[in-house]
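Q: pasting the sequence and the predicted model now:
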Amino acid sequence: MLQLALIRQQPDFVKQRLQVKNFDASAAVDSILLLDEKRKKLQLELESSQAGLNAISKEIGQLMAQGEKEKATAKKLEVSRMKTGLTPLQQGLDLADNQLQEILVSLPNLPAAAVPPGKSPADNVTVREGGKKPVLPSGAVPHWDLAKRYNLIDFELGNKITGAGFPVYVNQGAKLQRAMIQYFLDFNTTAGFVEYQPPLMVNEDSAFGTGQLPDKEGQMYFATEDRFYLIPTSEVPLTNLWRDNIVKEKDLPIKMTAYTPCFRREAGSYGKDVRGLNRLHQFDKVEIVQLVHPEKSYAALEEMVLHVERLLVSLQLPYRILRLCGGDMSFASAITYDFEVFSAAQEKWLEVSSVSNFETFQTNRMKIRFKDDQGKMQLLHSLNGSSLALPRILACLLENNQFSGGIAVPEVLHTYFQARTLSPGPANP
RNA sequence: GGAGAGAUGGCAGAGUGGUCUAUUGCGGCGGUCUUGAAAACCGUUGAAGGUCAAACUUCCGGGGGUUCGAAUCCCUCUCUCUCCGCCA
């Protein structure tokens, strides 16, 4: 949620920045300014009346204490009459407040100055590439064929017990995934991120806090009986751990990491992009989240980008880093870098991480603040990134590392996986 | 699932209709003393809106009600704890 003060002070700047996200905010910003004026006027009027009432009520109390019952009764009548005039004021104020809030939460975050304009993924800017695309042996196949041949993942079993997009990892497939989770978590905690195991379901307030509600209502699984949402990413519970908190400046930055499954309905997805591990309803991800001093968030962003890049380098995967254009960025983000790895048999780039600075957009909703050295209350900046999304990393590893005798496991995973290669395994049910 | 008890400031914990403008303790911050520290003592210490600053308004789990006046009474929801039942 944008800060009202910013809209008040620089309405034209807000409109102009949101155009980079292809969002026409003219009408919304103008309504906000009008409603804000209206609200202030009503509030002033209401509060001065309330002050008067409060004073008389206090007098009544004193008169009662002195036993002056008649005078008190007279005052009571006076106050009841005044009170009826207050109701419409209160209602008007509540209405203006609600309308203001409703428009305010519908506005996306402003893109940072460095965000390139653009409408589609084609307008994203490649920041840099790394790693080397492999030369595959003849007869190389995509990961879904390898998954079958080596008995690593069973998509049909998943279909049976749940539905499409819920694969069952088997044997070495399950073990390799576990090895990666452990390696990624160790990589993050070594860099100072504190490990958490958060709940996988969150309430409405949490989903609102990070910006999933109301924007992405239909994209989350929802347990109607208890009104809980299955998390689409651990960013949601991790960031919300600090909701309604005033953090001590000396405790900054707050760095967190977690492994969790993630659940996404992916309503509207179809066709070739959903083949194999490319797009799932449930997938594993290791996430990093930071809450930092507002002046340090862009340094923190660069640090996180380098951190994820080092992780990809250690896995020896060909990757590229994109700076997303305004049109491809998420609702809550001020700037986003996407990491893609090249899945050699599909000949496709797959997004495996997205690192974003949300500035105060989330913390304003969640009221995560600190007191600066002047004693002034300020909102923190929140950032997060994947490190990493597992299925697509797995897809890429399988495809890129296949050779005649098996599939090579990257060196950094050898001790975690307790083997150097994948070999064909036993049959499933 | 059944029965009971609760939810008050960073934490503990008083307050059952009228200066509550929320007692007190701990913690935090500042100071005195000290070579320095501890102890002791003194002072200070919630948030939001509003204002140049103040005044002022709102907030005692959420929502609603009674009343001139609600932390306090009523309704309702949520959550927590204790006991019983079930259970990994």
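A: Happy to help now that I have it.

Q: buried set for the helix or strand bottoming out on mean pLDDT in chain A?
A: Sorted by mean pLDDT, DSSP states H and E, the helices and strands of chain A end with helix A:69-84, the least confident at a mean of 82. Under the neighbour-count criterion of 16 or more other CB atoms under 10 Å, helix A:69-84 has A:72, A:75, A:79 buried. Using the backbone N, CA and C atoms, a C-beta is placed for each residue, glycine as well.

Q: go back to these and keep what's next to RNA strand B.
A: On the criterion CB under 7 Å from any atom of the strand, A:Val79 are the entries of the buried residues of helix A:69-84 that sit beside RNA strand B.

Q: would you map the strands across the stretch 151-300 of chain A?
A: A:153-154, A:168-169, A:194-196, A:201-202, A:222-223, A:228-230, A:246-247, A:254-263, A:282-292 (DSSP state E, counting those that start in this stretch).

Q: give me the neighbour count for the closest residue to RNA strand B within the stretch 251-400 of chain A.
A: Residue nearest to RNA strand B within the stretch 251-400 of chain A (CB to the nearest atom of the strand): A:Met377, separated by 3.7 Å. For A:Met377, the count of nearby residues is 10 (other CB atoms under 10 Å).

Q: which other helices and strands contact the helix or strand hosting A:Ser57?
A: Using DSSP states H and E, the element containing A:Ser57 is helix A:26-65. Contact here means 3 or more CB pairs under 8 Å, 6 or more residues apart in numbering; DSSP states H and E; on that basis helix A:26-65 packs against helix A:4-9, helix A:11-20, helix A:69-84, helix A:86-106.

Q: what does chain A put close to RNA strand B?
A: A:40, A:43-44, A:46-48, A:50-51, A:53-58, A:60-61, A:64-65, A:76, A:79-80, A:83, A:226, A:246, A:369, A:371, A:377.

Q: check contacts around the residue nearest to A:Leu213 when sequence neighbours are not counted.
A: The spatial neighbour of A:Leu213 that comes closest, neighbours along the chain excluded (CB to CB, 6 or more residues apart in numbering), is A:Ala207 at 4.4 Å. With contact set as CB atoms under 8 Å, 6 or more residues apart in numbering, A:Ala207 has these partners: A:213, A:220, A:229, A:236.

Q: redo these as a markdown table? Include distance to A:Gly131 and pLDDT.
A: As requested, the contacts of A:Ala207 are exported to a markdown table (distance: CB to CB, whole Å; pLDDT from 0 to 100):
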| residue | distance to A:Gly131 | pLDDT |
| --- | --- | --- |
| A:Leu213 | 38 | 86 |
| A:Met220 | 34 | 92 |
| A:Tyr229 | 36 | 91 |
| A:Val236 | 31 | 94 |
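
Q: neighbour-wise, which of those residues leads?
A: In terms of neighbour count, A:Val236 stands highest of the contacts of A:Ala207 at 29 neighbours, by other CB under 10 Å.

Q: give me the distance between it and A:Gly276.
A: Distance from A:Val236 to A:Gly276, counting by CB to CB, to the nearest Å: 26 Å.

Q: check A:Pro424 too.
A: Applying CB to CB to A:Pro424 and A:Gly276 gives a distance of 18 Å.

Q: can you check A:Tyr169 too?
A: 13 Å.

Q: need the per-residue pLDDT for A:Met377.
A: Predicted confidence (pLDDT) at A:Met377: the value is 88.

Q: and what of A:Pro429?
A: As predicted, A:Pro429 sits at a pLDDT of 64.

Q: same deal with A:Ser120?
A: We have a pLDDT of 93 for A:Ser120.

Q: next up, the contacts around the closest residue to it other than its chain neighbours.
A: Once flanking residues are discounted, A:Ser120 sits nearest to A:Gly327: 6.1 Å by CB to CB, 6+ apart. Contacts for A:Gly327 (CB under 8 Å, 6+ apart) come out as A:21-22, A:117-120, A:123.

Q: A:Gln290 contacts A:Asn384, correct?
A: Yes. Counting by CB atoms under 8 Å, A:Asn384 is a contact partner of A:Gln290 at 7.2 Å.
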